[in-house]
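# after the sequence you'll find the predicted model.
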Amino acid sequence: MGITKLADLIRFEAPGAISHKDVSDYTGKVIALDTSIVMNQFRAATPSLNPLTGLFFRTLTFLEHDIKPVFVFDGRPPGEKIAALQKRAEAAGWRSPNHLGTASLQTKDSFHLLKLLGVPVIQAPGDAEALCAWLVRERTAEAVASEDMDTLPFGAHVLIRQLNAKKDSDIVEYSLPMLLEKLQLTHKEFVDLCILLGCDYCDKIAGFGPKRALRLIQKYRTIENVVLHINKQVRHCQPSYTLEERIRHRMERFRQIRESKRKQRETEITAGHSRQTRMDDFFRVLRKREQPVEAGDCGSSNRKKPKLK
């Protein structure tokens, strides 16, 4: 699950919650990884290769840095997420998403590979990122490595992005406690903020940008109060008239305008500045056309006509 523009909001409103790390900063630490994110990265980067190859090399590099990875696999997705998964499957060219959460052949191969490498593997009952966050809350792991920002509303104290195990990589770390302090929100209020921003489980409310959503949550504290406030504004700004009431309202406005213009004309007449429109003003005055000259009459117009005998 991704949270729309959450990373941008944190960067502008709570930059103190972000720190930049080196891969060596995680030596000796247990890191929970959302395996689907790792596999998708390799599919996008090297579509011609089997993502198991990337998983193999990535895992060995972690172990060489004495990082202790725990790979977590997705289980059955919640019903609210099916629509988002369907869109992702269509974008990736897959036939359909895995609604039942059954392990695919590639997932089974990944399980087998990681166990041969001696790395812990966990099958989550639902979303992998939710279980990763739970491992951090329970102090089993020290951080979650994922590109999805949703691990923060799930309650992971530390989120690591861009952990690709390269020495020169710019790893970005987010601190949830620092984030809540900077935004002056409780964790429950932060979850409501993420819902307003939009996520895989629901559509965002139209007209809510990240900054506006944050200000409203900071002021009203719950998403229910925010919705009540918005509904009141709509009712205040857009009175709901019936059709007959709208007609009466428009006719009354028309009558007032006519009466105002009538009084204005009377005032001008009294002051001697009548602006009454003449009939001639409606028609354009054109030059009179000359009478056509009859054939053979080329003489002067003053020429006398012959008398009849």
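Received it, and whenever you're ready, just let me know what you need. Numbers count the residues shown, from 1 in each chain.

# switch to C-alpha atoms for all contacts and neighbour counts from now on
OK.

# what's the biggest helix in the chain, counting residues?
Looking across the chain with DSSP state H, the single longest helix is helix 243-270.

# so for that helix, what's the average pLDDT?
Averaging pLDDT along helix 243-270 gives 82.

# same thing with stretch 120-135?
For stretch 120-135, the per-residue pLDDT averages 94.

# and if you look at stretch 25-39?
Mean predicted lDDT for stretch 25-39 stands at 94.

# that one: end-to-end distance?
End-to-end distance for stretch 25-39: 24 Å, by CA to CA, to the nearest Å.

# kindly report the same for stretch 16-24.
So stretch 16-24: terminal residues 22 Å apart, CA to CA.

# what of stretch 28-42?
25 Å.

# same thing with stretch 203-216?
18 Å.

# ok, now which ones touch N50?
N50 is in contact with R43, counting by CA atoms under 8 Å, 6 or more residues apart in numbering.

# again, 10 Å this time
For N50, the contacting residues are M39, F42, R43, Q106, by CA atoms under 10 Å, 6 or more residues apart in numbering.

# one more: V226?
Contacts of V226 (CA under 10 Å, 6+ apart): D192, L196, A213, L216, I217, Q218, K219, Y220, K232.

# one more pass at 7 Å, please.
Shown in contact with V226 (CA atoms under 7 Å, 6 or more residues apart in numbering): L216, I217, Y220.

# of the contacts of N50, just the buried ones, ChimeraX syntax please.
Buried subset of the contacts of N50, written as a ChimeraX selection, criterion 16 or more other CA atoms under 10 Å:
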select :39,42,43
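
# wait, which of the contacts of N50 is closest to A145?
M39 (13.0 Å; CA to CA).

# just give the nearest non-adjacent residue to the closest one, would you?
P51 (5.8 Å; CA to CA, 6 or more residues apart in numbering).

# pull out the buried residues from the helix or strand harbouring V172.
Element membership for V172, per DSSP states H and E: strand 171-175. The neighbour-count check on strand 171-175 (16+ other CA under 10 Å) flags I171, E173, Y174, S175 as buried.

# can you list the strands that it pairs with?
In the sheet, strand 171-175 lines up against strand 18-21 (antiparallel), strand 158-161 (antiparallel) (DSSP bridges).

# now do the last one: distance to the chain's middle.
Centre-to-centre, strand 158-161 and its host chain are 22 Å apart (CA atoms, centre = their mean, to the nearest Å).

# give me the contact list for that strand.
With CA under 7 Å, 6+ apart, strand 158-161 has contacts from 143-147, 151-152, 171-176.

# mean confidence (pLDDT) on that strand, please.
Strand 158-161 shows a mean pLDDT of 97 in the predicted model.

# can you check the first one too?
With pLDDT averaged residue by residue, strand 18-21 scores 96.

# helices or strands next to the following helix or strand past that strand in the packing?
Proceeding C-terminally, strand 18-21 gives way to strand 30-34 as the next helix or strand, assigned by DSSP H and E. Other helices and strands packing on strand 30-34, by 3 or more CA pairs under 7 Å, 6 or more residues apart in numbering; DSSP states H and E, are strand 68-73, helix 128-137, strand 143-145.

# so can I have a markdown table of those showing distance to G209?
Shown next, in a markdown table, are the helices and strands packed on strand 30-34 (distance: least, CA to CA, whole Å):
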| stretch | distance to G209 |
| --- | --- |
| strand 68-73 | 33 |
| helix 128-137 | 25 |
| strand 143-145 | 27 |
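
# need the pLDDT of the closest residue to Q184 other than its chain neighbours.
Leaving out its chain neighbours, the residue that sits closest to Q184 by CA to CA, 6+ apart is Q218, at 7.4 Å. pLDDT for Q218: 97.

# next, count neighbours for A271.
Neighbour count for A271, taken as other CA atoms under 10 Å: 9.

# equivalent analysis for K211, please.
Using other CA under 10 Å, K211 has 12 neighbouring residues.

# next, it: phi, psi?
Main-chain dihedrals, K211, degrees, to the nearest 10: phi -70, psi -40.

# state the next helix or strand along the chain beyond the lowest-mean-pLDDT helix or strand in the chain.
Ranked by mean pLDDT, DSSP states H and E, the helix or strand of the chain with the weakest confidence is helix 82-92, at a mean of 67. Next in sequence after helix 82-92, counting helices and strands by DSSP H and E, comes helix 105-116.

# and the helix or strand just after that following helix, what does it pack against?
The helix or strand immediately downstream of helix 105-116 is strand 121-123, counting by DSSP H and E. Other elements packing on strand 121-123 under the criterion 3+ CA pairs under 7 Å, 6+ apart are strand 68-73.
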